[in-house]
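Asker: Got a sequence here, can you model it:
(4 chains)
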Protein chains: 2
Amino acid sequence: MSIGLEDATDALRTAVLDGAFTPGSKLREVSVSENLGVSRTLARLAMSALEHEGLLERIPNRGSRVRSFSISQIADAIEVRGELEGMAVRRAAERGLSDNACKPLRDLIAQSEELLTAGVDTEERRQAWVDINVAFHNGLIEASGNWALSIAIKQISALPLVSSTAIIFDRKNFDRSQRQLRAAHDDHIRILNAVCDGRGHRAEALMREHAFMNAQNKRTNLSDRATLDLVRDLPGGKLVSAATSQKGGAD
Amino acid sequence: MSIGLEDATDALRTAVLDGAFTPGSKLREVSVSENLGVSRTLARLAMSALEHEGLLERIPNRGSRVRSFSISQIADAIEVRGELEGMAVRRAAERGLSDNACKPLRDLIAQSEELLTAGVDTEERRQAWVDINVAFHNGLIEASGNWALSIAIKQISALPLVSSTAIIFDRKNFDRSQRQLRAAHDDHIRILNAVCDGRGHRAEALMREHAFMNAQNKRTNLSDRATLDLVRDLPGGKLVSAATSQKGGAD
DNA sequence: GGAATCATATTTGCATGCAAAATGCGGAAG
DNA sequence: CTTCCGCATTTTGCATGCAAATATGATTCC
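Answerer: Predicted coordinates:
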């Protein structure tokens, strides 16, 4: 059972996003290929893919290295995401969503409501929350009916911490986390209502604010960085052991 | 003098954008490598790059083929570009541009004014117009000071006909073309004034309208498609002769 | 003692080779 | 005459190999 390009790319991306490499460290293709268990060609292709996604930067004749992002760059990117998602809900509201189209989104709201009252305090529930969050945002984006918009959002969301689903759960500040989740949930309710009522401008403004608060929360939670763990879209077991060969390691 | 990955990618991109392949046609890596004069590995890397740019689509185990875009997809993408560039000028105005920062943009306006009064009727002048247009838009984007924004705009503008600089000059409708150029130029003037006056909302609205008209003009000009030629950011001589080996050929 | 230089060792960049999957064609069966 | 199956060819996907470019380290010259 050999792994293909997709798997190699996913594994490398997961490793990079999980901080297996210290930002700025060079990625030698031999060590990458060994840690992934593939040939150098495949490792190079995977690195090339991540380079296009913006996670790695390539230095001519010097290979590629892990790109590091400043807080302000991340904030910039989240603001752009907010603008784009705001456009998406505006367009969705302007198109007019049928009741049939609104139904599944309302169901997602109900599901997260349940989760929230029960308390998002286990790994399963956190994962469920993330999944619902992804589905809700994607549903709204699809509802815009604008193909290029979903592409652009996908691109910008590939950057670390930018995705709306790159939610930070802080175990040491459980109450604060729950408050943030609750606030985000309330945002979702209002956004969906605005969209289904055809109120594009209101939906857009709410979505921008939603993204703004998302950025703010991340900034806050990142300030006591040592005590939290990052949960991302696709955690799971296909973590590569590249970290052992490099110095870094996740915090 | 062997060519590297960058050159190969540029050549292939130019070929694709110039319509050397009929939309939907498969790109066999052997023929690409032969036409580019490089190895299959390099051809594959170039194809991979263009795939990430959205110009090619990859079919699992079937290689990649030229992606075809519908008019509405292009229009969607241009609208997204307008939204992003609108955000850029809004941000630029909100930050407040110094007179020093406004000066080079005003100079570009003056240059295009000159060109316009002289008449954009030669290849050199058309190229000059395109260059000035590029510089103006890029200048505004840079002025926003938002890193992620320029990335997102660059990405979306890589799609065919989406870039603000993918200007269509129609020789058979010279007067119409000139009117369009004049209108775009007037837009630029008003946008820059709004930005330099710190009127973010006005600048944003103007930029969105600018993009909207750009899309509209492209649609109009494309309707009598047989009689026009497309001028792009980087024409010039590094056109690859891949068209001969494939069926298509530019129209 | 410090700096420049040259030789060595890595590392990248690209080309070629080989195996697996897919396509197309031909023939046989219904 | 149509349809289905199997073989040959084509094409992709991946691994390995070789040459150029760059970092490294020792040596010599100032």
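Asker: Mind jotting down where the helices sit in the stretch 101-250 of chain A?
Answerer: For the stretch 101-250 of chain A, applying DSSP state H, counting those that start in this stretch gives helices covering A:123-143, A:147-157, A:174-196, A:200-223, A:242-245.
Asker: Can you get me a residue count around the residue nearest to A:Leu5 when sequence neighbours are not counted?
Answerer: Excluding the flanking residues, the one nearest A:Leu5 by Cβ to Cβ, 6 or more residues apart in numbering or on different chains is A:Leu45, at 5.6 Å. (Glycine included, C-beta is placed from N, CA and C.) Neighbour count for A:Leu45, taken as other Cβ atoms under 10 Å in any protein chain shown: 19.
Asker: before we move on, what about the one 4 residues further on?
Answerer: Neighbours of A:Ala49 under the rule other Cβ under 10 Å: 22.
Asker: now swap in the one 4 residues further on and tell me
Answerer: Other residues near A:Glu53 come to 16 when the count uses other Cβ under 10 Å.
Asker: The closest residue to it other than its chain neighbours and chain B, how far apart?
Answerer: Among residues not flanking A:Glu53 along the chain, A:Ala158 sits closest, at 4.8 Å (Cβ to Cβ, 6+ apart). Distance, A:Ala158 to chain B, by Cβ to the nearest Cβ, to the nearest Å: 11 Å.
Asker: check contacts around A:Ala158.
Answerer: If you count contacts by Cβ atoms under 8 Å, 6 or more residues apart in numbering or on different chains, A:Ala158 has them with A:53-55.
Asker: which among those gets closest to DNA strand C?
Answerer: Distance to DNA strand C across these (Cβ to the nearest atom of the strand) is lowest for A:Leu55, with 16.2 Å.
Asker: deepest of the helices of the stretch 101-250 of chain A, which one?
Answerer: helix A:147-157 (a mean of 21; mean count of other Cβ atoms under 10 Å in any protein chain shown).
Asker: re the thing from before, need the contacts of A:Ala158 in JSON lines (columns: secondary structure and pLDDT).
Answerer: Below are the contacts of A:Ala158 laid out as JSON lines (DSSP: H, G, I helix; E, B strand; the rest coil; pLDDT from 0 to 100):
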{"residue": "A:Glu53", "secondary structure": "helix", "pLDDT": "93"}
{"residue": "A:Gly54", "secondary structure": "coil", "pLDDT": "93"}
{"residue": "A:Leu55", "secondary structure": "coil", "pLDDT": "94"}
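Asker: which one of those residues sits closest to chain B?
Answerer: Within the contacts of A:Ala158, the smallest distance to chain B is 7.0 Å, found for A:Gly54 (Cβ to the nearest Cβ).
Asker: ok, for that closest one, nearest residue in space, not its chain neighbours?
Answerer: Leaving aside its chain neighbours, A:Gly54 sits nearest to A:Leu159 (5.6 Å; criterion: Cβ to Cβ, 6+ apart).
Asker: tell me the pLDDT at the one you found?
Answerer: Note on A:Leu159: pLDDT of 91.
Asker: hang on, it packs against A:Asp76?
Answerer: No: using Cβ atoms under 8 Å, A:Leu159 is not in contact with A:Asp76; the gap is 10.0 Å.
Asker: can you list residues touching both of these two?
Answerer: Overlap of the contact sets of A:Leu159 and A:Asp76 (by Cβ under 8 Å, 6+ apart) consists of B:Ala148.
Asker: residue closest to the middle of chain A?
Answerer: Closest residue to the average C-alpha location of chain A: A:Ser163 at 2.8 Å, with Cα atoms, centre = their mean.
Asker: So that one versus A:Ala20, what's the distance?
Answerer: For A:Ser163, the distance to A:Ala20 equals 19 Å [Cβ to Cβ, to the nearest Å].
Asker: Then A:Glu123?
Answerer: A:Glu123 is 20 Å from A:Ala20, by Cβ to Cβ.
Asker: The residue lying farthest from the centre of chain A in helix, strand or coil?
Answerer: For chain A, the residue at maximal distance from the C-alpha centroid (Cα atoms, centre = their mean) is A:Asn61, at 31.4 Å. Three-state assignment for A:Asn61 (DSSP: H, G, I helix; E, B strand; the rest coil): coil.
Asker: phi, psi of it?
Answerer: Per-residue torsions, A:Asn61: phi 60, psi 10 (degrees, to the nearest 10).
Asker: which ones are touching it?
Answerer: Contacts of A:Asn61 (Cβ under 8 Å, 6+ apart): none.
Asker: And it, how close does it get to A:Leu42?
Answerer: For A:Asn61 relative to A:Leu42 (Cβ to Cβ), the value is 21 Å.
Asker: next one: A:Glu113
Answerer: The value you get for A:Glu113 to A:Leu42, if Cβ to Cβ is used, is 45 Å.
Asker: of these two, who's got more company?
Answerer: Neighbours per residue (other Cβ under 10 Å) separate A:Glu113 from A:Leu42, with A:Leu42 holding more: 21 against 15.
Asker: Leaving out sequence neighbours, find the closest residue to the more buried one.
Answerer: Leaving aside its sequence neighbours, A:Leu42 sits nearest to A:Ala8 (Cβ to Cβ, 6+ apart; 5.4 Å).
Asker: Show me what from the stretch 51-200 of chain A comes close to chain B.
Answerer: A:52-54, A:73, A:76-77, A:79-80, A:83-84, A:87, A:146-149, A:151-152, A:155-156, A:159, A:162 (Cβ under 8 Å from any Cβ of the partner chain).
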